[in-house]
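Participant: Okay, predicted coordinates and the sequence, questions at the end:
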Amino acid sequence: MSNFNRGCTCGLLRYILDLPGSSDDARTTLCHCHSCKRAFGGAFGLTAKTAKENLKYTTSTTPKVFVQDNGVHREFCGQCGVLISSMRSRLKTSSDL
Ligand SMILES: [Zn+2]
Ligand SMILES: [Zn+2]
């Protein structure tokens, strides 16, 4: 089991990522799709994919959510703007950790 305690730049959002196996269970993806380019403001998006239930916010503040026109939900800090997680509503994966 791997456990990561992380947060955004300003500290308003903190989360724990619990991976039931090893850190290898979070598949890292470099995505060049139009949606990721727009969300990351560059030539690609870098994400680590895992089951949504493995990510738990530990602060009382909840993330802001932006839903892109393709249905991808992007969770980010409303204060510093750091992107924390992205997910499609029909998939049970979370990323951008
Ligand atoms: Zn923040
Ligand atoms: Zn993408």
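Facilitator: Here it is on my side, so go on. Source: prediction; values computed, not measured. Ligands and ions are numbered 1, 2, ... in the order given.

Participant: Quick check: chain neighbours aside, which residue is closest to the residue of the chain positioned farthest from its centre?
Facilitator: Within the chain, residue 1 marks the point farthest from the mean C-alpha position, 19.5 Å out by C-alpha atoms, centre = their mean. Leaving aside its chain neighbours, residue 1 sits nearest to residue 20 (6.2 Å; criterion: C-beta to C-beta, 6 or more residues apart in numbering). Any C-beta I mention is one placed from the backbone N, CA and C, and that applies to glycine too.

Participant: For the chain, which residues are neighbours of ligand 2?
Facilitator: 31, 33, 36 (C-beta under 5 Å from the ion).

Participant: Now which of those residues would you call buried?
Facilitator: 31, 36 (16 or more other C-beta atoms under 10 Å).

Participant: Of the residues of the chain next to ligand 2, which belong to strands?
Facilitator: The strands, defined by DSSP state E, take in residue 31 from these.

Participant: Please tell me I have it right and residue 45 contacts residue 34.
Facilitator: No - with contacts counted by C-beta atoms under 8 Å, residue 45 stays clear of residue 34, the gap being 10.3 Å.

Participant: More neighbours: which of these two?
Facilitator: For residue 45 versus residue 34, the count of surrounding residues by other C-beta atoms under 10 Å is larger for residue 45: 21 against 10.

Participant: Quick check: closest non-adjacent residue to that one.
Facilitator: residue 36 (2.9 Å).

Participant: Could you tell me what pLDDT the model assigned to that neighbour?
Facilitator: On the pLDDT scale, residue 36 is placed at 92.
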